[in-house]
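Colleague: Turn this into a model:
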Amino acid sequence: MHPMIKIGALIIFLLAIILVAIASRPQLSIVDSYRGSQDYWPKPTIDVGVDFKPLGALPKEARFPEHNPYSKAKETLGRQLFFDRRMSQSEQVSCASCHDPDLGWADGKRKAIGHDRLRHDLNTPSIINSAWLDSIYWNGRAGSLEAQIIETWQNPVEMAAHIPSAVARIASIKGYAPMFQDAFGTEDVSAMLISRAIATFMRQVTLTNTKFDKFMRGERATLKDAEIEGLHLFRTKARCINCHSGSLLSDGKFHHLGSSFHNVGEFQGRYRVTKHAEDVGAFRTPGLRGIAETSPYLHNGLIKDVDTLLFLYSSGWWQNGELDKKDNNIPTATRSRHIKTLDLNGQERMHLKAFLGTLEGEVYWVKPPPELK
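Modeller: Residues are numbered from 1 along each chain as shown. Here you go, the predicted structure:
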């Protein structure tokens, strides 16, 4: 027999042995596969065009921008200002009025209550992990926490402050002078320095050491089997990963679920910023850490509990119908292409809820400081 034929026959024989070995190797269960390297997890269900980022743990330390680096003195000053009602026009509303450390740094209300008991059109988002946000507000109109603080401070439905008057009022409180000196090297009070101090404090409000984060850092025994089954559904059949991806469990983008209705409350969403038809009713994807502590859910506080939320996602939400008379030229919102009917059964929804429970942990908490004089 020709030598080349012998070599060819040997190669075929070896390949056959390898294929038999692979075929006879026991297949890992879903749970066991997730306890291994993420490189070998089941393929996620991702729509075409999605800027997908693998799931990951958040860094244990908050992110601070170059223009406003962290200092302990700045955080201490920011905490004092965050709880100071004299920041507002009425001197009755502080940042903490809507972002209460005992309520997951939100307010537990369907829609926020601000200055003069005025009711906002939107639900109060938690400030947990806001250090990693690149756009702020449900419609993303602010590019930094510093900008958001200035806007909220003077918003007539929120703190309603006349900023020069509020700055003068804070400057007149003797106890603040040494705090500004420690934080910024000056006793002069300004809106810019106030916003930088409060933003520094807010960036310290983190939740980064959940069971999920430990699991993603390699502690694979941290999650129970049911929680891993939920993680698998989150990445595959339930399609959550299309919007809730990466370390923040958010794509940072804006989507319309069907949960807002034309001419009802704040229905425009991202459209207010971009004026693009596809952004009508689109609101920012929230991160999911601390989800159990921050109900009700959605931009309008429409949903009170996780079970209802999961049921609606399973049913595919709904597409709003065109109105006969809209009284405006704003396009009708179109449901996000990522929302589809899932038909999750009761056990699957239970597993998903179990996975969401792994996103709880010890949130940064502080006791309100005594009022300065």
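
Colleague: Please count neighbours and contacts with C-alpha atoms only from this point.
Modeller: OK.

Colleague: all helices in this protein, in order from the N-terminus.
Modeller: Using DSSP state H, the helices of the chain run over 3-24, 30-34, 72-82, 95-98, 145-154, 163-171, 176-184, 191-203, 211-216, 225-235, 271-274, 306-315, 346-357.

Colleague: Now render the ones you listed as TSV, adding mean neighbour count, mean pLDDT and distance to K111.
Modeller: Shown next, in TSV, are those (neighbours: other CA atoms under 10 Å; pLDDT from 0 to 100; distance: least, CA to CA, whole Å):
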stretch	mean neighbour count	mean pLDDT	distance to K111
helix 3-24	11	59	57
helix 30-34	17	93	39
helix 72-82	22	98	20
helix 95-98	22	96	10
helix 145-154	19	97	15
helix 163-171	16	97	25
helix 176-184	18	98	33
helix 191-203	23	98	21
helix 211-216	22	97	29
helix 225-235	22	98	28
helix 271-274	16	97	19
helix 306-315	16	96	17
helix 346-357	19	97	23
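
Colleague: In CSV: the ones you listed, plus distance to V363.
Modeller: Formatted as CSV, those follow (distance: least, CA to CA, whole Å):
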stretch, distance to V363
helix 3-24, 46
helix 30-34, 26
helix 72-82, 16
helix 95-98, 15
helix 145-154, 19
helix 163-171, 29
helix 176-184, 25
helix 191-203, 12
helix 211-216, 13
helix 225-235, 21
helix 271-274, 32
helix 306-315, 19
helix 346-357, 14
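
Colleague: Any idea which of these gets closest to T334?
Modeller: T334 lies closest to helix 271-274 among the helices of the chain, at 11.9 Å (CA to CA).

Colleague: Centre-most residue in this structure?
Modeller: Closest residue to the average C-alpha location of the chain: G287 at 2.1 Å, with CA atoms, centre = their mean.

Colleague: And that residue, how close does it get to S245?
Modeller: According to CA to CA, to the nearest Å, G287 stands 9 Å off from S245.

Colleague: now do D324
Modeller: From D324 over to S245 (counting by CA to CA), the distance is 38 Å.

Colleague: okay, the two: which has more neighbours?
Modeller: Counted by other CA atoms under 10 Å, D324 and S245 do not tie: S245 has more neighbours, with 21 against 6.

Colleague: so who does the more buried one touch?
Modeller: F52, K53, P54, L55, D251 (CA atoms under 8 Å, 6 or more residues apart in numbering).

Colleague: which of the residues you listed count as buried?
Modeller: When those are checked for burial by 16 or more other CA atoms under 10 Å, the buried set is F52, K53, L55, D251.

Colleague: so the second one makes contact with L249?
Modeller: No: here K53 lies out of contact with L249, judged by CA atoms under 8 Å, at a distance of 9.3 Å.

Colleague: Make sure G175 is actually in contact with E371.
Modeller: No: the pair G175 and E371 fails to qualify as a contact (CA under 8 Å) at a distance of 9.3 Å.

Colleague: Number of residues surrounding Q319?
Modeller: 17.

Colleague: Please name the nearest non-neighbouring residue to G36.
Modeller: R220 (7.5 Å; CA to CA, 6 or more residues apart in numbering).

Colleague: Look up how far Y34 lies from that neighbour.
Modeller: To Y34, R220 is 8 Å away according to CA to CA.

Colleague: ok, now E187?
Modeller: 55 Å.

Colleague: do F52 as well
Modeller: With distances taken as CA to CA, F52 is found 19 Å from Y34.

Colleague: Now do the contacts for the residue nearest to the centre of the chain.
Modeller: Contacts of G287 by CA under 8 Å, 6+ apart are H244, L248, L249, S250.

Colleague: Between the two ends of stretch 246-256, how far is it?
Modeller: Stretch 246-256 end-to-end distance (CA to CA) = 20 Å.

Colleague: Show which residues not belonging to it make contact with it.
Modeller: Contacts to stretch 246-256, defined as CA under 8 Å, 6+ apart, come from residues 51-58, 132-135, 139, 241, 243-245, 270, 279-289, 333-336.

Colleague: try 6 Å this time
Modeller: 53-58, 243-245, 281-287, 335-336 (CA atoms under 6 Å, 6 or more residues apart in numbering).

Colleague: and what of stretch 28-40?
Modeller: For stretch 28-40, contacts defined as CA under 6 Å, 6+ apart pick out W41, R220.
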